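J.: Got a predicted model here, sequence first, then my questions.
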Protein chains: 2
Amino acid sequence: MTITGRVPPALLDDLAHSRAGALLFDALAARWPSDSDELNSIARYALLPAGKFLRPVMTLTAAEAVGGEPSQVLPAALAMEYLHVATLTHDDIIDGDLLRRGRPTVHVAHGLAHAIVAGDHLIFAAFTGLAECRAAGLRDPAVVESVAVLAEAGSDLCRGQMLESRLVGDITADPALYLEMARLKTGALFRAVCQIGALLAGATSEQAAALGRYGSYLGVAFQIRDDLILFADPDDTDKPTGSDLANGRPTLPVLMAYQTSDADTRLALAAALARRSAEPAEFDEFRSLLMATGALQGCQDHATEYGRLALDELSELPPSQSVDLLTGIVQWAVTTRP
Amino acid sequence: MTITGRVPPALLDDLAHSRAGALLFDALAARWPSDSDELNSIARYALLPAGKFLRPVMTLTAAEAVGGEPSQVLPAALAMEYLHVATLTHDDIIDGDLLRRGRPTVHVAHGLAHAIVAGDHLIFAAFTGLAECRAAGLRDPAVVESVAVLAEAGSDLCRGQMLESRLVGDITADPALYLEMARLKTGALFRAVCQIGALLAGATSEQAAALGRYGSYLGVAFQIRDDLILFADPDDTDKPTGSDLANGRPTLPVLMAYQTSDADTRLALAAALARRSAEPAEFDEFRSLLMATGALQGCQDHATEYGRLALDELSELPPSQSVDLLTGIVQWAVTTRP
């Protein structure tokens, strides 16, 4: 099976409707049927309807990029989605977020206790998924190494979440801390997702490590992209703007703007942030302030640089449609301009 | 190294001071040093001072019972403690418990967000610990199987926690549901703890499965023991009585008493439970009511039966000091009479 085809990089949202996406969706729905017990039902609520499947698609693509058979690593690809959704479930509790993908978050729909437990269950399901790769005929040493990589990434995600809590509301924080947070909170899972796909598909350790670094850099670019969308012209995006601002979450444009501004602008930025308002008029004013500091362009430069680092890591792989897709994902991550 | 010696079964609390306990304590303190980063520091707060180390001691003992070298499975034994403490950390949030081992629980000391994240980190650390067994020269297939066993046990723990939430405050619940809860919430980790020690030490699959069943039965007996201590004469135990009663947690003596009582006694039991009082006078009255129904003896009979089932599973193992210790742990679990 070949999972990659002519997926236009500018239309990454279509990934979920691609052949890989359909394969993943069918496997996910079969693994979490609607007539499950209570615990699995809550996990299913968290997992479905599915998001863009970006992480599991990348596991399949990384496997294919090193000459492996994507369908063999399917349980591992699903495991990546479980871990991702587990962290979303717990993060939503921590951040007090009420909506995700347009529906009540798990703790809103099912209560705090069940959301904690369902998140834990999804973490365990991720490791069950990795262990299932044995049945698919994958080599035990690669499975053990994948467990180590995923567990380490999981702990990094925890560190990233903790660092984010520390940065909330602190406009004076060093942008370098933000980049460290993005590396831990987003980059770590992208790293694991790519490295594990490669490892299980029999990559050399150099190839797997290079794909891991690719994922890590891409993850940081991806996180910066999320911030840039936040400050994008509302006419250009369907993502609600201002919510991260309203809950005081650290964003790179704001931290960079603060670092490079004079005292008056700093005061204005701090005051706007302290209001934690998601009112359109106040948000527009804040956005204009940011634009004037040049911070949005500075962020874009950062994203571009991380994207370049990610692409460099692909240079040793033989050319293939999979590598084209991994390249396209980077281009997609760095070309959304505010 | 031989970890078992003449540990008197009646003095299981001394396990932590045994040779195995010292080995585990040193390894735990080395793995979680006091000068850690914030996340590791909170994990350390949850882990230390350590409890009785019953679960990791059982992993070492199960390894030894099948002819293995306990020190080789040390990372896995520590992993069992991480998973146990992770679930305690999350359960304490869910149950709203404020104290554990005489200190503020993690969420009280460090806040809800950090307690969720530290619990997640400990789950990941458990799988990191299993993967580390590779470096100790253990066989990859056994490590992969251990990952599968631990992940399944983890999901069972989640199911047990969920079932407990459903049983809280429901005095009419079938005692069979309680036993199912105990099997999931307590038995599952005891099962994994023993099975993993055996698997990693090179046991046959029959031996590993038998030790797993031993652990599962023991876990249920252990959970019943906890309930019996709750209703023990306060002069005979240093465990605070009444707290599980006050938060409405299901206990086997109460459920059994309700099932076997006439309408008047049922009303009195339900009224006493609904008050959720931990007042000594009310508790004594409640205890007398239970004694009169014969439910405490019925519970003891259940514990004895589960203990017998556990011991049966040991019959195929060659006699050794390790098997004596596993036998002693069962005796200890079933001989604490109210």
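T.: Perfect, thanks for sending it. Residues are numbered from 1 along each chain as shown, chains lettered A, B, ... in the order given.
J.: who in the stretch 1-150 of chain A is up against chain B?
T.: On the criterion Cβ under 8 Å from any Cβ of the partner chain, chain B has as its neighbours in the stretch 1-150 of chain A the residues A:37-39, A:86-87, A:90, A:93-94, A:112-114, A:116-121, A:123-125, A:127-128, A:130-132, A:134, A:140-141, A:143-145, A:147-148, A:150. Where C-beta positions appear, they are placed from N, C-alpha and C, glycine not excepted.
J.: can we see that at 7 Å?
T.: On the criterion Cβ under 7 Å from any Cβ of the partner chain, chain B has as its neighbours in the stretch 1-150 of chain A the residues A:38-39, A:90, A:93-94, A:113-114, A:116-117, A:120-121, A:123-125, A:127-128, A:130-131, A:134, A:140-141, A:143-144, A:147-148.
J.: pLDDT weak spots in the stretch 151-300 of chain A?
T.: Counting by pLDDT under 70, the stretch 151-300 of chain A contains low-confidence residues at A:233-246, A:278.
J.: could you pull out the strands for it?
T.: For the stretch 151-300 of chain A, none of the segments meets the definition of strands by DSSP state E, counting those that start in this stretch.
J.: hey, where'd the helices end up in it?
T.: Secondary structure of the stretch 151-300 of chain A, counting by DSSP state H, counting those that start in this stretch: helices at A:175-182, A:188-200, A:205-230, A:243-246, A:252-260, A:263-275, A:280-293, A:295-313.
J.: Make JSON lines from the ones you listed and add mean neighbour count to it.
T.: As requested, these are arranged in JSON lines below (neighbours: other Cβ atoms under 10 Å in any protein chain shown):
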{"stretch": "helix A:175-182", "mean neighbour count": "20"}
{"stretch": "helix A:188-200", "mean neighbour count": "30"}
{"stretch": "helix A:205-230", "mean neighbour count": "23"}
{"stretch": "helix A:243-246", "mean neighbour count": "18"}
{"stretch": "helix A:252-260", "mean neighbour count": "23"}
{"stretch": "helix A:263-275", "mean neighbour count": "14"}
{"stretch": "helix A:280-293", "mean neighbour count": "16"}
{"stretch": "helix A:295-313", "mean neighbour count": "20"}
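J.: Of the residues of the stretch 1-150 of chain A next to chain B, which count as buried by neighbour count?
T.: A:38-39, A:90, A:93-94, A:113-114, A:116-117, A:120-121, A:123-125, A:127-128, A:130-131, A:134, A:140, A:143-144, A:147-148 (16 or more other Cβ atoms under 10 Å in any protein chain shown).
J.: coming back round to it: so which of the residues of the stretch 1-150 of chain A next to chain B are in helices?
T.: Cross-referencing the residues of the stretch 1-150 of chain A next to chain B against helices under DSSP state H gives A:38-39, A:90, A:93-94, A:113-114, A:116-117, A:120-121, A:123-125, A:127-128, A:130-131, A:140-141, A:143-144, A:147-148.
J.: Next SSE downstream of the helix or strand containing A:His84?
T.: Secondary-structure element containing A:His84, defined by DSSP states H and E: helix A:74-95. Of the helices and strands lying after helix A:74-95 in sequence (DSSP H and E), the nearest is strand A:99-100.
J.: Give the pairing partners of that next one; include direction for each.
T.: strand A:103-104 (antiparallel) (DSSP bridges).
J.: What is the following helix or strand past the strand it pairs with packed up against?
T.: Counting by DSSP H and E, the element after strand A:103-104 in chain order, helix or strand, is helix A:106-110. Packing partners of helix A:106-110 (3 or more Cβ pairs under 7 Å, 6 or more residues apart in numbering or on different chains; DSSP states H and E): helix A:38-47, helix A:74-95, helix A:112-132.
J.: Now helix A:106-110: buried residues?
T.: Quick answer for helix A:106-110 (16+ other Cβ under 10 Å): A:106-108, A:110.
J.: which of those lies closest to B:Phe222?
T.: A:His110 (29.7 Å; Cβ to Cβ).
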